[in-house]
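Colleague: Okay, here's the prediction I keep looking at, along with the sequence it came from:
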Amino acid sequence: MGPAEIPHRLARALATQLEQVAPWDRDVPLPDLRVAEQPWIEVNPAVDPSPYLAAADRIVAGRLDVFGLDVALESPPRWNRDPRTGIDAPLSFGKLLNYRDPRLVGDVRCLWELNRHSHLVTLAQAFALSGEEKYVATLKAHLDSWIAACPYRLGPNWANALEPAIRLINWAAAWQFLGGLSSPCFADSAGAAFRQRWLESIHRHANFVRGFFSRHSSANNHLIGEAAGLYVAARTWPLWPETRRWLSAAAIIERETLRQNAGDGVNLEQAVSYQQFELDLVLLAMLAARAHGARFSAALEARIEAMIEFIAGIMDAGGHVPAIGDSDDGFVVKLSQETDFCRYRSVLATGALLFDRDDFRARAGRLDDKTRWLFGKRADAAFAALARKRRPARRLFPDGGYYVLGCNFELPAEIRLVVDAGPLGYNTIAAHGHADALAFTLSVGGVEFLVDPGTFTYHPDGPWRAYFRSTGAHNTARIDGQDQSEQGGSFMWLRKANAACSFWNSTLLQDVFEGWHDGYLRLADPVLHRRRITLDKQTRRIVIDDTLTMMEEHEIELRFHCAENVSVHAAADQDGYELRCGSSKVGLRLPRPGTFRVQTLHGDYESPAGWISRGYARIEPTTTIVWRARLRGRTRLRSELQC
């Protein structure tokens, strides 16, 4: 905690205590309904309406998907209930509610996902595409029930500022799909009364966010999200005099995006999913600004372009992006109902149109519906007309600490290996980082073979949370069963390993990476880990040399986490393993220093090992190959991959 943070937290704690007993439900000023609106989203682009109507019909029927969980919505929905555990959170003062206590609120991330109201956007899209009243009727019923069930500042939906901010963004999209102030659903007296209730809640949301920004927060992306929500609200509803003050959120977006993302485009939380989440937030704010003839700075736009370049650089030929760091599957606003929608390809498609980047278009592969909703009927023609400019994806991201080895990029014979030699995470507690120094992922021909297993959950599953962020859950070396960095809680690290690249060279014949980390220098007998990875592009052979500088004896582990659709077989010569996925295969040979043990663990609870999480609150078995040996003194271990 920095010197500026302590007085800030003390002042906020005092203000919160006073606020708890002060009257707060004052009248909201009347909106000026004569203001001319300028929509920043396309109401009726060239999309196939059928998946949107089907999704909306399911909501009308009382069914909703929350992180893969089929939720039956009651009538009215239980907005303060976690759909995963069934626990009802209390309607106590939100800012003092301990939402991290699973006994009190369940899995708050699942509860919040329901209350971000992305499903209201789906209902509004269906209305825009069909004009059918049933979609508006359900939307009105849900909004009215939410306002009644979640009184201002009470309960888990008023516990922080990010959730109201994201709710504002989803409400803004739904508002525009309905037709804005002049929507036919507001035409009669009942509709006008509903509009007034909604606008009052919008005003309260915006002022709540503005007064409760997450300054000095460990959840750094929260501040960007809060500022983006307030800015989008100001551009969508310029109906009150204080709207001009809400526009000052643009300065926070500028400052924090530049601060939290390195010049090479890597998000400093070292979490790729959060990078995509921040991109969505800032891109939506940029589009809202442009609709009103405003622009963010050239420096911010250049940083956003670099962030998209990083996504393009680590994406393999099959569109897979390594699950580096934390992920909670968060959508800012869910605009696409395509079954094959990929959030990473989508941000590339959006970036292609924003920055006139044909290389982004090529990596995106096609135009997705989310980008169509954002850019309207002109999107398809503009996407197809991008000038064909050959620009290879960047492979070096030294500020963030990522290096891409490979050959035949974007071709069927591609080898892509992403190595992590970056810091643990952002600022003191590195909340969303994982203990993954010198870990790597491998895909061949767009098929994932060795992966980062993901995140699984945050709050209610402590042992699983600890495992998925541990060194043992990554393709690197573990010493004496300990993590490189010491965990201090679900979103905290007590000691952090330092890592860096000490050598990089790329030629037509080979790529070479060498890096180190000091996480195990804290041991009674210090151990320095160096890893050198060499790819021979002609023979398609990868050599991994792990050098451990130590004096005494230690238990050394090397772990190789396979994708869930990869089968593992003993090699014909009994000198390693063959990893198979369809017609693709990779050979793995492990070190043979004398006495060693090798296990293949599949869905093992005891270790744990052999698990992968492809989405929040979802887990399934896979195979982890674990090599172990007790070794003394300076040691070099060689593993080989034949692709």
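Modeller: Looks like it came in fine. Numbers count the residues shown, from 1 in each chain.
Colleague: in this structure, which helix has the most residues?
Modeller: If you go by DSSP state H, the chain has its longest helix at helix 189-210.
Colleague: from the middle of its chain, how far away would it be?
Modeller: Taking C-alpha atoms, centre = their mean, to the nearest Å, the mean C-alpha location of helix 189-210 is offset from the chain mean by 30 Å.
Colleague: Kindly report the same for stretch 416-436.
Modeller: Using C-alpha atoms, centre = their mean, we find the averaged C-alpha position of stretch 416-436 to lie 14 Å away from the chain's own average C-alpha position.
Colleague: what sits against Pro51?
Modeller: By C-beta atoms under 8 Å, 6 or more residues apart in numbering, Pro51 lies in contact with Gln337, Glu338, Thr339. Where you see a C-beta, it was placed from the backbone N, CA and C, and this is true even at glycine.
Colleague: Surely the second one and Asp368 touch.
Modeller: Looking back up the chat, that one is Glu338. Yes: under the criterion of C-beta atoms under 8 Å, Glu338 makes contact with Asp368 at 6.4 Å.
Colleague: Neighbour count for those two, which is higher?
Modeller: Each of Glu338 and Asp368 has its neighbours counted (other C-beta atoms under 10 Å); Asp368 has more, 26 against 16.
Colleague: Tell me where the stretch 1-150 of the chain has helices.
Modeller: Counting by DSSP state H, counting those that start in this stretch, the stretch 1-150 of the chain has helices at residues 5-21, 50-60, 102-105, 108-115, 118-130, 133-149.
Colleague: Using TSV, lay out those helices together with distance to Lys389 and mean pLDDT.
Modeller: As requested, these are arranged in TSV below (distance: least, C-beta to C-beta, whole Å; pLDDT from 0 to 100):
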stretch	distance to Lys389	mean pLDDT
helix 5-21	46	55
helix 50-60	33	97
helix 102-105	51	94
helix 108-115	39	95
helix 118-130	34	97
helix 133-149	42	97
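Colleague: Identify whichever of the ones you listed lies nearest to Lys95.
Modeller: Relative to Lys95, the nearest member of those by C-beta to C-beta is helix 5-21, separated by 4.9 Å.
Colleague: Out of the helices of the stretch 1-150 of the chain, which is closest to Cys185?
Modeller: Using C-beta to C-beta as the criterion, the shortest distance between Cys185 and those is 4.5 Å, found for helix 133-149.
Colleague: domain assignment for the protein?
Modeller: If the domains of the chain are taken from automatic domain parsing, they occupy 42-212, 401-642, with pieces of a single domain joined by a plus sign.
Colleague: would JSON lines of the ones you listed with distance to Ala262 be doable?
Modeller: Conversion of these to JSON lines gives the following (distance: least, C-beta to C-beta, whole Å):
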{"stretch": "domain 42-212", "distance to Ala262": "23"}
{"stretch": "domain 401-642", "distance to Ala262": "9"}
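Colleague: Out of those domains, which is closest to Leu283?
Modeller: Across the domains of the chain, closest to Leu283 is domain 42-212 (C-beta to C-beta), at 11.5 Å.
Colleague: from the chain's centre, how far out does that closest one sit?
Modeller: Taking the mean of its C-alpha atoms, domain 42-212 sits 21 Å from the chain's own mean (C-alpha atoms, centre = their mean).
Colleague: Kindly report the same for stretch 393-408.
Modeller: In terms of C-alpha atoms, centre = their mean, the centre of stretch 393-408 is found 20 Å from the chain centre.
Colleague: Show the average pLDDT along it.
Modeller: Average pLDDT, stretch 393-408: 96.
Colleague: can you pull the buried residues of it?
Modeller: For stretch 393-408, the neighbour count (16 or more other C-beta atoms under 10 Å) marks 393-395, 397-407 as buried.
Colleague: Is it correct that Asp65 is in contact with Leu73?
Modeller: No: counting by C-beta under 8 Å, Asp65 stays clear of Leu73, with 11.1 Å between them.
Colleague: Which one of those two is surrounded by more residues?
Modeller: Neighbours were tallied for Asp65 and for Leu73 using other C-beta under 10 Å; the higher tally belongs to Leu73 (19 against 13).
Colleague: Just the pLDDT for the closest residue in space to that one that isn't next to it in sequence.
Modeller: Taking C-beta to C-beta, 6 or more residues apart in numbering as the measure, Leu73 lies nearest to Gly62, with 4.6 Å between them; neighbours along the chain are not counted. Model confidence at Gly62, expressed as pLDDT, equals 95.
Colleague: Quick check: the gap between Gly62 and Leu129.
Modeller: Separation of Gly62 from Leu129 (C-beta to C-beta, to the nearest Å) stands at 21 Å.
Colleague: Check Arg78 too.
Modeller: Distance, Arg78 to Leu129, using C-beta to C-beta: 29 Å.
Colleague: same check, this time on Val347
Modeller: Here the distance between Val347 and Leu129 works out to 24 Å (C-beta to C-beta).
Colleague: Looking at the two now, which is surrounded by more residues?
Modeller: Neighbours were counted for Val347 and for Leu129 using other C-beta under 10 Å; Val347 has more, 25 against 20.
Colleague: In three-state terms, how would the more buried one be classified?
Modeller: With DSSP: H, G, I helix; E, B strand; the rest coil as the basis, Val347 sits in helix.
Colleague: My understanding was that it contacts Ile308; is that so?
Modeller: Yes: look at Val347 against Ile308 with C-beta under 8 Å: they come within range, at 6.2 Å.
Colleague: Overlap of the contact sets of these two?
Modeller: When C-beta under 8 Å, 6+ apart defines a contact, the residues bordering Val347 and Ile308 alike are Leu279.
Colleague: ok, the spatially closest residue to Lys496 that is not a sequence neighbour - contacts?
Modeller: For Lys496, ignoring the flanking residues on the chain, the nearest one in space by C-beta to C-beta, 6+ apart is Leu424 at 4.4 Å. Taking C-beta under 8 Å, 6+ apart as the criterion, Leu424 is in contact with Gln270, Ala430, Gly433, His434, Ala435, Ala437, Ser485, Trp493, Lys496, Ala497.
Colleague: Spit out the contact partners of the first one.
Modeller: Same thing as Gln270. Gln270 makes contact with 324-325, 400-401, 420, 422-426, 430, 432-434 under the criterion C-beta under 8 Å, 6+ apart.
Colleague: now do the fifth one
Modeller: Neighbouring residues of Ala435 by C-beta under 8 Å, 6+ apart: Leu424, Arg469, Ser470, Thr471, His474, Asp483, Gln484, Ser485, Gln487, Trp493, Ala497, Gly519.
Colleague: pLDDT score assigned to the last one?
Modeller: The per-residue pLDDT reported for Gly519 equals 98.
Colleague: One more: Pro23?
Modeller: pLDDT for Pro23: 57.
Colleague: related to what we said a few turns ago, can you name the residues that contact the residue nearest to Leu73?
Modeller: By C-beta under 8 Å, 6+ apart, the contact set of Gly62 is Ala72, Leu73, Glu74, Ser75.
Colleague: Got phi/psi on it?
Modeller: In this entry, Gly62 is assigned phi and psi values of phi 90, psi 20 (degrees, to the nearest 10).
Colleague: any idea how far it lies from Ala72?
Modeller: 6 Å.
Colleague: The most centrally placed residue in the chain in helix, strand or coil?
Modeller: The central residue of the chain, meaning the one whose C-alpha is nearest the mean C-alpha position (C-alpha atoms, centre = their mean), is Ser273 at 2.4 Å. Look at Ser273: counting by three-state DSSP, its state is helix.
Colleague: ok, it touching Asp328?
Modeller: Yes: with contacts defined as C-beta under 8 Å, Ser273 counts as touching Asp328 at a distance of 7.2 Å.
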